[in-house]
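> Let's see this in three dimensions:
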Amino acid sequence: MCCAVLEIEELSKPAGPKCADCGEAGCRIYALRPQVCRDFECEWLTSRSLPQRFRPDRIGALFMEDGEYDEYRAVCAPSAPLAWRAPGVFAHLVGVAKSGRKVVAKAGLKAWRIYASGEWGPTV
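The predicted structure follows:
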């Protein structure tokens with residue numbers, strides 16, 4: 001999922017399409033991949049509290065921390081732009097918002113803020 005949904009400036013890869021170096025068996029330039037790819041780990045990989053069912057390729061979205069904006073994000077696959085609205089995923093995002101975090105779901109150029117109340121709306 002990260003090879004598709006994320007922008008990778010070092011490879012001139014926009015958010016959305018799968019990276020040209022991503023093959024069926026994984027990254028074809030794994031040993032030479034940019035540092036940003038080496039450093040990135042989604043929340044599913046790093047958080048021991050997320051269940052197996054939240055594996056990004058299974059839910060159509062990956063969870064990530066965005067330190068630059070201090071946001072917890074659900075970044076959706078182009079083929080599943082509203083994956084963040086699936087009941088289990090949405091409940092997780094509301095739970096994170098209840099902990100006091102700023103939570104944003106993104107799909108392409110669209111973004112929605114999820115609030116602790118369970119309400120949501122477009123970001124400005």
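> the strands in this protein, which residues?
Along the chain, counting by DSSP state E, strands occupy 22-23, 26-27, 61-66, 71-76, 102-107, 110-114, 120-122.
> what's the angle between the fifth one and strand 61-66?
With axes from the mean of the first three to the mean of the last three Cα atoms, to 10 degrees applied, the angle from strand 102-107 to strand 61-66 works out at 130 degrees.
> Next, the buried residues of strand 102-107.
Going by neighbour count (16 or more other Cβ atoms under 10 Å), the buried part of strand 102-107 is 103-107. (C-beta placed from N, C-alpha, C; glycine too.)
> For P81, which non-adjacent residue is closest in space?
The shortest distance from P81 to any non-neighbouring residue, by Cβ to Cβ, 6 or more residues apart in numbering, is to A107 (3.6 Å).
> is it true that the one you found touches L82?
Yes: using Cβ atoms under 8 Å, A107 is in contact with L82, at 6.9 Å.
> Quick check: the gap between the residue nearest to P81 and A15.
10 Å (Cβ to Cβ, to the nearest Å).
> what do those two both touch?
Common contacts of A107 and A15 (Cβ atoms under 8 Å, 6 or more residues apart in numbering): V75.
> want to try TSV for the strands of the chain, with mean pLDDT as columns?
Listed next are these as TSV, based on pLDDT from 0 to 100:
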stretch	mean pLDDT
strand 22-23	90
strand 26-27	88
strand 61-66	94
strand 71-76	96
strand 102-107	96
strand 110-114	96
strand 120-122	97
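> in the helix of greatest length in the chain, what counts as buried?
The single longest helix within the chain, with elements called by DSSP state H, is helix 87-98. For helix 87-98, the neighbour count (16+ other Cβ under 10 Å) marks 89-90, 92-94, 96-97 as buried.
> Output that helix as PDB, restricted to C-alpha atoms.
The C-alpha trace of helix 87-98 is given here as PDB (Å, rounded to 0.1, in the frame of the first residue of the first chain):
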ATOM      1  CA  PRO A  87     -17.300   0.500  10.300                       C
ATOM      2  CA  GLY A  88     -14.300  -1.100  11.900                       C
ATOM      3  CA  VAL A  89     -11.800   1.400  10.400                       C
ATOM      4  CA  PHE A  90     -14.100   4.400  11.300                       C
ATOM      5  CA  ALA A  91     -14.500   3.100  14.900                       C
ATOM      6  CA  HIS A  92     -10.700   2.900  15.200                       C
ATOM      7  CA  LEU A  93     -10.300   6.500  13.900                       C
ATOM      8  CA  VAL A  94     -12.900   7.800  16.300                       C
ATOM      9  CA  GLY A  95     -11.100   6.000  19.100                       C
ATOM     10  CA  VAL A  96      -7.800   7.700  18.200                       C
ATOM     11  CA  ALA A  97      -9.700  11.100  18.100                       C
ATOM     12  CA  LYS A  98     -11.100  10.400  21.500                       C
END
